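Engineer: What shape does this take:
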Amino acid sequence: MASRIRTITVDCVDHERLGRFWAAAADYVEDPDNPNQPGDPEWLLVPAGRIGPALLFIPVPEPKSSKNRLHLDLQPIDRTQDEEIDRLIGLGATMIDDRRALAEDGGWAVLADPEGHEFCVEPSEAERRARAEIPAQTGNSTRS
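Structural biologist: Numbers count the residues shown, from 1 in each chain. Alright, predicted model coming up:
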């Protein structure tokens, strides 16, 4: 039997601010049985209406100093990849590396949350399906 991922824990300087960013970014909510309070020593979020791991934000005194060894890949549910990137930047994310033009499937964009943790934004499932339906160019031409 295997284990399940119960919580993804994020070390951060301002756990309340980062928790609010990720709540809006990934549609997470406070645990209704244990809501967060100002001044709590940690900030817990659970998926809104879905099954999945909780996000736990723990304050640490030092800021992030190098590349993440683990990151999240986000896929928009009800908007395009470009719209989601714009929304996340509006929430406080910054663009780190735009790789959307590098792959036929729409590639990805590397963003960072307000404390610099990198994450990727991939094309939506609808965008992936639409791209799969477009016939590939074969390079063959007819000659007269």
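Engineer: how about the helices of this protein, start to end?
Structural biologist: Chain-ordered helices for the chain, with DSSP state H as the definition, fall at 15-26, 81-91, 125-133.
Engineer: okay if I get these as a markdown table plus mean pLDDT and distance to A109?
Structural biologist: Every C-beta, even on glycine, is put in place using the N, C-alpha and C of the backbone. Shown next, in a markdown table, are the helices of the chain (pLDDT from 0 to 100; distance: least, C-beta to C-beta, whole Å):
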| stretch | mean pLDDT | distance to A109 |
| --- | --- | --- |
| helix 15-26 | 96 | 13 |
| helix 81-91 | 97 | 5 |
| helix 125-133 | 88 | 13 |
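Engineer: Return the most buried member of these.
Structural biologist: Sort the helices of the chain by mean neighbour count, taking mean count of other C-beta atoms under 10 Å, and helix 15-26 sits at the top with a mean of 19.
Engineer: got the contact list for that helix?
Structural biologist: 10, 12, 28-30, 36, 38, 40, 42-45, 47, 55, 57-59, 72, 74, 88, 91-93, 113-115 (C-beta atoms under 8 Å, 6 or more residues apart in numbering).
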